[in-house]
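Q: Here is a sequence with its predicted model. Questions after.
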Amino acid sequence: MGPHRLLYQALCKAGDKLVYPILPAFAKPAWNHAAGPKTVFFWAPTIKWALVGAGLADLARPADKLSVYQNSALFATGAIWTRYCLVITPVNYYLSSVNFFVMCTGLAQLCRVAHYRYQNPDWETKEIMETH
């Protein structure tokens, strides 16, 4: 067994002794849930919220600087994984929610790009001029 696994198990045991006793009654089932904070099913979506944050930060960028390919990928993967999270065992609503918001941020940015291109029919020539 690797040292990282031993460390993880030690942290879980410490959490069981220190955190679990002070949790309110409604939160105790979540602590030991199959997709709870002692599993990758909790931490992966927690870290994935950074993608949503990055998508929201892109709202400050001009629409002509957004990548259609990147936001299409965010939209598509968010849509696919939202559905997948609802059919796997254990059903993971937390992961589903983050994927739904990844999909929404990708879609919002794609709508911004489409609106920009609709309002600026000469967007292709502007893009060529800026790269040369």
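A: Yes, it's here. Keep in mind that what you see is a predicted model, and the values were worked out from it rather than measured.
Q: number of nearby residues for the closest residue to residue 68 other than its chain neighbours?
A: Excluding the flanking residues, the one nearest residue 68 by C-beta to C-beta, 6 or more residues apart in numbering is residue 113, at 5.7 Å. Heads up, the C-betas are built off the backbone N, CA and C, glycines and all. Neighbour count for residue 113, taken as other C-beta atoms under 10 Å: 19.
Q: Name the SS class of residue 113, please.
A: Following DSSP: H, G, I helix; E, B strand; the rest coil, the label given to residue 113 is helix.
Q: So what does residue 97 have for phi and psi?
A: phi -70, psi -40 (degrees, to the nearest 10).
Q: circling back to that earlier point, the residue nearest to residue 68: what's it in contact with?
A: For residue 113, the contacting residues are 63, 64, 66, 68, 71, by C-beta atoms under 8 Å, 6 or more residues apart in numbering.
Q: The third one against residue 111, yeah?
A: No: using C-beta atoms under 8 Å as the test, residue 66 is too far from residue 111 to be in contact (10.5 Å).
Q: between the two, who's got more neighbours?
A: Neighbour count, other C-beta under 10 Å: between residue 66 and residue 111, residue 66 has more, with 16 against 12.
Q: The more buried one and residue 28, how far apart?
A: Residue 66 sits 44 Å away from residue 28, going by C-beta to C-beta, to the nearest Å.
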